[in-house]
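Novice: output the structure for:
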Amino acid sequence: MNAIATINTPMPLQDMQTLAVAIAKSNLFGIRTPEQALVLMAIAQAEGRHPVEAARDYDIINGKPAKRAEAMLRDFIQAGGTVKWHSITDELADATFTHPQTGSVRIDWDMKRATTAFGKKDMYAKFPRQMLRSRVVSEGVRTLWPLATSGMYIPEEQADIPASQHNGPTIDADKPSDARQALNDAIPLKAAAAATPRPERRVDPTVYDAEPAEKPQRTDEQWRAWIDKLRAACAVLKRRQEVVEIGNKPSVGDAIATAPDWAQREISAILAENYARFPEEPSDDLDEVVIAGEEHLAAG
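Specialist: Below is the predicted model:
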């Protein structure tokens, strides 16, 4: 097998939002807010897996998504890779990773190397074997089959990366009305829908429960144009909440529910990538936590 297993039917955005609220309220997975849960679910769906698996496979560390070492290793093995462990102790983790398309590499991490790189860390003192194993998995998988990393670091790595400030394009905060209008103009909502020709609906006046005529489907070219406008609108955002608001627009929800599989994946990926590029917005009723889901770090 050379690809991650895919799901047959993408989950509608409304269902994902409902589950995101439940995941955040449960406090079972270290995900603090529905917005965090939603973007991780969108990432999972964009990769072809069930959105609920996001709670199992991802963490939010320093406001950034991270993929657990166990999930990386599982995807690596599903893609045809193999791992042979030579040592896995409190002092040394050593393994050879092999993939039929990229060859073999031997990776090792010991406590001396970890201490030199990161200094003395509580998690390395409490769970040295698990921390070293996760480092080996991340480096080995990233070297041979980076697709299995989903472009992320493991939580242990992300925790050692200082939080960064966004340096991308922003909207002038002094002109909120202009910014809002720019977003509305950029995303094809009712105006675009009205321009799409629809067949005339004929209903027998004696039958009041007749089914409405089906709406015509967009062509691939029309979907690409729609996605380009969504990407352009997201590029000028300056806060996570604005990404969430775009994701909640009826046109975006309809697109995720009705678009072909390739377009659904692109839409989900655009929303996820733009959500992830902003730092987490502080909550007024929760104390700041540097690492959400720290209890999962030991499990890899």
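Novice: contacts, neighbours, all on C-alpha from now
Specialist: Will do.
Novice: those strands in the chain, which residues are they?
Specialist: With DSSP state E, the ranges of strands along the chain come out as 58-61, 64-67, 82-88, 92-99, 103-110.
Novice: nearest to V252, out of those?
Specialist: Nearest to V252 among those is strand 64-67 (22.6 Å), distances taken as Cα to Cα.
Novice: which of the strands of the chain is buried the deepest?
Specialist: Mean neighbours per residue, mean count of other Cα atoms under 10 Å, is largest over those for strand 58-61, with a mean of 28.
Novice: compare the mean pLDDT across the strands of the chain and name the weakest.
Specialist: Mean pLDDT per stretch puts strand 58-61 lowest among the strands of the chain, at a mean of 74.
Novice: does anything pack onto that one? Which helices or strands?
Specialist: strand 64-67, helix 155-158 (3 or more Cα pairs under 8 Å, 6 or more residues apart in numbering; DSSP states H and E).
Novice: T258: which of these is closest?
Specialist: Nearest of the helices and strands packed on strand 58-61 (Cα to Cα): strand 64-67, 27.4 Å.
Novice: how much space between T149 and T98?
Specialist: 16 Å (Cα to Cα, to the nearest Å).
Novice: for S87, same thing?
Specialist: S87 is 16 Å from T98, by Cα to Cα.
Novice: what's the answer for K121, then?
Specialist: 31 Å.
Novice: do the same with V39
Specialist: Using Cα to Cα, we find V39 at a distance of 32 Å from T98.
Novice: R32 now?
Specialist: Applying Cα to Cα to R32 and T98 gives a distance of 37 Å.
Novice: can you check G119 too?
Specialist: Taken as Cα to Cα, the span from G119 to T98 is 31 Å.
Novice: now swap in R239 and tell me
Specialist: Taken as Cα to Cα, the span from R239 to T98 is 41 Å.
Novice: same question, G81
Specialist: 6 Å.
Novice: report the helix or strand with the lowest average pLDDT across the protein.
Specialist: Using mean pLDDT, DSSP states H and E, the weakest-scoring helix or strand in the chain turns out to be helix 190-195, at a mean of 47.
Novice: please, where are all the helices along the stretch 1-150 of the chain?
Specialist: 13-26, 34-46, 54-57, 69-78, 111-118, 122-126, 128-144 (DSSP state H, counting those that start in this stretch).
Novice: and the ones you listed, which is most packed in?
Specialist: helix 34-46 (a mean of 25).
Novice: quick check: mean pLDDT of that helix?
Specialist: Here the average pLDDT along helix 34-46 is 81.
Novice: doesn't Q130 make contact with L92?
Specialist: No - L92 lies out of contact with Q130 (Cα atoms under 8 Å); the separation is 10.3 Å.
Novice: picking up where we left off before, out of the helices of the stretch 1-150 of the chain, nearest to P250?
Specialist: Once the helices of the stretch 1-150 of the chain are compared by Cα to Cα, helix 13-26 is nearest, at 9.8 Å.
Novice: with just CA atoms, put the closest one into CSV.
Specialist: The C-alpha coordinates for helix 13-26 follow below in CSV (Å, rounded to 0.1, in the frame of the first residue of the first chain):
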residue,chain,number,x,y,z
LEU,A,13,-19.0,21.4,7.6
GLN,A,14,-22.1,21.7,9.9
ASP,A,15,-21.5,18.2,11.3
MET,A,16,-17.8,19.0,11.8
GLN,A,17,-18.7,22.1,13.7
THR,A,18,-21.0,20.2,16.0
LEU,A,19,-18.4,17.6,16.7
ALA,A,20,-15.7,20.3,17.2
VAL,A,21,-17.8,21.8,20.0
ALA,A,22,-18.2,18.4,21.6
ILE,A,23,-14.5,17.6,21.4
ALA,A,24,-13.5,20.9,23.0
LYS,A,25,-16.1,20.6,25.8
SER,A,26,-15.1,17.0,26.6
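Novice: what's in contact with that helix?
Specialist: 29, 31-38, 41, 51-52, 55, 253, 256-257 (Cα atoms under 8 Å, 6 or more residues apart in numbering).
Novice: many thanks, have a good one.
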